[in-house]
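> 3D, please:
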Amino acid sequence: MTTPAGSTSRVLVILDPEYGERLQPAWEGQPIWVELSPINEPVVRELWRGVPAPNHLTGITGLTFDPSLSAEERLLAELDTIDLHHGPSSTKRPYTELEVIGCPLSDRIRTALSELGFTNFEEKNHGFLADRTPEEAAITR
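Predicted structure coming up:
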């Protein structure tokens, strides 16, 4: 889904360390947060070269990859930062959808996302999708 500049209705988080080349078609100018694993990092750097000055609302953010932590732990460690960058403190249209690839939906993640106003959760083969209303997204937490 492509969103207009300055719009962050959906944020994609990729915690799959072997996502690699699949990132090329996944990035359509939407904000993506991706772990810089040995397989993902070269693809991310190539995309960065193609868009030398991305907008933080539509660019790709690299996350430190720590294989000693579970995908759940890595996601929970980044949620507040993601919300800060794409929530009401940073944009007039805060994100309402969070798609996560490479991490199953756990009770801990559901609780953390619920604290950010997310109420709907859909488990997928690759991870999950969570959403919240625009009204919930607009609340500064």
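> what helix or strand is the closest residue to L105 other than its chain neighbours on?
Excluding its sequence neighbours, the residue lying closest to L105 (Cβ to Cβ, 6 or more residues apart in numbering) is F128, at 4.0 Å. Yep, even glycine has a C-beta here, placed from its N, CA and C like the rest. Per DSSP states H and E: F128 is located in strand 127-131.
> now the nearest residue to G20 once chain neighbours are set aside: how far from L69?
Closest residue to G20 apart from its sequence neighbours, by Cβ to Cβ, 6+ apart: I39 at 4.5 Å. With distances defined as Cβ to Cβ, to the nearest Å, the gap from I39 to L69 amounts to 17 Å.
> Show me which of the two is the more surrounded one.
A count of neighbours by other Cβ atoms under 10 Å puts I39 above the other of I39 and L69, at 16 against 13.
> in the lowest-mean-pLDDT helix or strand in the chain, what counts as buried?
For the chain, scoring each helix and strand by mean pLDDT, DSSP states H and E identifies helix 23-26 as the least confident one, at a mean of 82. Within helix 23-26, the residues that count as buried by 16 or more other Cβ atoms under 10 Å are L23, A26.
> Would you confirm that the residue nearest to G20 contacts I14?
No - taking Cβ atoms under 8 Å as the contact criterion, I39 and I14 are not neighbours in contact, 11.1 Å apart.
> coming back round to it: ok, so what distance separates the residue nearest to G20 from T64?
In this structure, I39 and T64 are separated by 15 Å, where distance is defined by Cβ to Cβ.
> Could you do S90 as well?
Taking Cβ to Cβ as the criterion, S90 is separated from T64 by 21 Å.
> So those two - more neighbours on which side?
The neighbour count for S90 versus T64, taken as other Cβ under 10 Å, is higher for S90 (14 against 11).
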